[in-house]
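Asks: Provided below are the primary sequence and the corresponding predicted coordinates.
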Amino acid sequence: MMTRRYLLFFTTILLLSKVYAQRQQNVLELTPEQIEAIFIKQNLDLIAEKMNVSIADAAIAQARLWENPSLQIDGVNLWSTNAQRGGEREVIPPLFGSFARNTQFSAELSQLVSLSGKRSKLIGMEKVSKEIAMAQFEDVLRGLKAELRKSVCEMIYLSSYRKVLETQSQSLSLLIDTYTKQVAQGNLAKNELLRLQAALFEVENELNEIQSALNGQQKNIKALLNAEPFVVIEILDGARRIPNPEHYVLADLTTSAMNARPDVTKSKLQTEYYGKSLKYEKSQRVPDVTFGVNYDRRGGVWHDFVGFSMGMEIPLFNRNQGNIKAAKLSISQSSYQAQKQQNLVQQEVVEAYHNYAIAYGFYKKIDNNPLIGELDSMLEVYAHNLIDKNISMLEYIDFMDTYKSTKQTWLTAQKNVSVQFEELQYTVGTKIK
């Protein structure tokens, strides 16, 4: 019995470990374009923000509705009055009399009617609110898309730099194996082996730091894609577009930003909204009218009385002065804010353009250096020369540092030019062709 329990326990542990291993090995290889397509479809922030547009549609539909009519029944006499043949009247409870025919009551059906086009003005306000919601959605999309693209650039850089460190680690490991045998044979001093091991420890420590940074970027990208936590995303780095900034005219970029940036559109719409709000508040000065039809049975001289009623407020004290003044001030305030936003956008485009030009120039300077492509082969040559004792340990370690720093500088320049290009597209508000 105990043996069967132990067997069941270890079988369960084995199955769980297999499931965990499968989850751990669930690698998803995606291009940056595929990542962006998944992001557009699955990002939860975008889904939630898009609902604000549907909420604005519901507000427009609500503004189109008329006020409900009102029905009021009052003065119901719980005692019925029945006429006798002899001219005398007898009052009896309705439970024993004819309630529907003889009970005294009155009823009124009324309908509120808005004047001065209040309903149409309110609909106009809600339509502008929908446009603002759409601009807000576009702004959120723009920001999240830029965040995603920068995370992809950072992840490509970290993966590429990890390969550099792995190349160094492999080279050092091979040298350490060779030096360990030489030290065991008494051909080399231990201090040279120790120097190689110290260099390897330093590289491995940096590899751990890079992997931690990669894990952080994995978390960011998977959160933006709404991906499963056990999925490992690997980016297939193809040929990246790095256009020359000299192909763009700065004045054209600022003009494009004025037309394409959703935050500029939103600031202009806000002014339009307050303009429609002012018209709506002015229409509130005209009081609404209530029309009604009332019926009274046995409540007066007439046995069945049908009358017509009309009522309205007298705009004597409250003519909506405060709300009208607030709407006028809001128009002026939003106009200043819109102008401020336009000035800020122009400054952002100019800054992003110059930053991209600087990053592009530095990247091209490094990328055009023919020695960059020879670094990997030079590393192998230096390792063989060290084994053959054609160079000293100090020369080899010095080249290792140069190799790593040069590769890191080149990869950083490549990342920075991509990030600055994405920043330029973000400030312009549209894809730059």
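Replies: Cool, the structure landed.

Asks: other SSEs contacting the longest helix along the chain?
Replies: Secondary structure of the chain per DSSP state H: the longest helix is helix 118-184. Secondary-structure packing of helix 118-184 (3 or more C-beta pairs under 8 Å, 6 or more residues apart in numbering; DSSP states H and E): helix 32-42, helix 44-63, helix 190-225, strand 232-235, helix 262-283, helix 375-387, helix 393-428. In this view, the C-beta of every residue, glycine as well, is placed from N, C-alpha and C.

Asks: can you put those in a markdown table and add distance to Ala359 and mean pLDDT?
Replies: Below are the helices and strands packed on helix 118-184 laid out as a markdown table (distance: least, C-beta to C-beta, whole Å; pLDDT from 0 to 100):
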| stretch | distance to Ala359 | mean pLDDT |
| --- | --- | --- |
| helix 32-42 | 19 | 92 |
| helix 44-63 | 29 | 93 |
| helix 190-225 | 20 | 93 |
| strand 232-235 | 21 | 91 |
| helix 262-283 | 25 | 94 |
| helix 375-387 | 22 | 88 |
| helix 393-428 | 4 | 93 |
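
Asks: how about those, which one is nearest Gly143?
Replies: helix 393-428 (7.7 Å; C-beta to C-beta).

Asks: And that closest one, how far out from the chain middle?
Replies: In terms of C-alpha atoms, centre = their mean, to the nearest Å, the centre of helix 393-428 is set 30 Å apart from its chain centre.

Asks: That one to helix 32-42, inter-axis angle?
Replies: Computed by axes from the mean of the first three to the mean of the last three C-alpha atoms, to 10 degrees, the angle separating helix 393-428 from helix 32-42 equals 50 degrees.

Asks: So which bits of helix 393-428 are buried?
Replies: Neighbour counts over helix 393-428 (16 or more other C-beta atoms under 10 Å) mark 393, 396-397, 399-400, 403-404, 406-408, 410-411, 413-428 as buried.

Asks: Same question for stretch 157-166.
Replies: Neighbour-count burial for stretch 157-166 [16+ other C-beta under 10 Å]: 157-162, 164-165.

Asks: closest to Lys127 among those residues?
Replies: Nearest to Lys127 among these is Tyr157, at 45.7 Å by C-beta to C-beta.

Asks: Phi first, then psi, for Ser70.
Replies: The phi and psi values for Ser70, taken as degrees, to the nearest 10, are phi -120, psi 130.

Asks: now do the one 3 residues further on
Replies: Torsion angles at Ile73 (phi, psi; degrees, to the nearest 10) stand at phi -120, psi 120.

Asks: From what I see, it and Leu109 are in contact.
Replies: No: between Ile73 and Leu109 there is no contact under C-beta atoms under 8 Å: 9.9 Å.

Asks: Residues in contact with stretch 42-60: which ones?
Replies: Contacts with stretch 42-60, where a contact means C-beta atoms under 8 Å, 6 or more residues apart in numbering, come from 40, 123, 126-127, 129-130, 132-134, 136-137, 140-141, 144, 224-227.

Asks: Just the buried residues from the residues you listed, in PyMOL please.
Replies: The PyMOL command for the buried members of the contacts of stretch 42-60 (criterion: 16+ other C-beta under 10 Å) is given here:
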select buried, resi 123+126+127+129+130+132+133+134+136+137+140+141+144+224+225+227
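
Asks: thinking again about what came up before, let me have the helices and strands packed on helix 118-184 in JSON lines, adding distance to Tyr356 as columns.
Replies: Below are the helices and strands packed on helix 118-184 laid out as JSON lines (distance: least, C-beta to C-beta, whole Å):
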{"stretch": "helix 32-42", "distance to Tyr356": "18"}
{"stretch": "helix 44-63", "distance to Tyr356": "27"}
{"stretch": "helix 190-225", "distance to Tyr356": "22"}
{"stretch": "strand 232-235", "distance to Tyr356": "22"}
{"stretch": "helix 262-283", "distance to Tyr356": "20"}
{"stretch": "helix 375-387", "distance to Tyr356": "27"}
{"stretch": "helix 393-428", "distance to Tyr356": "4"}
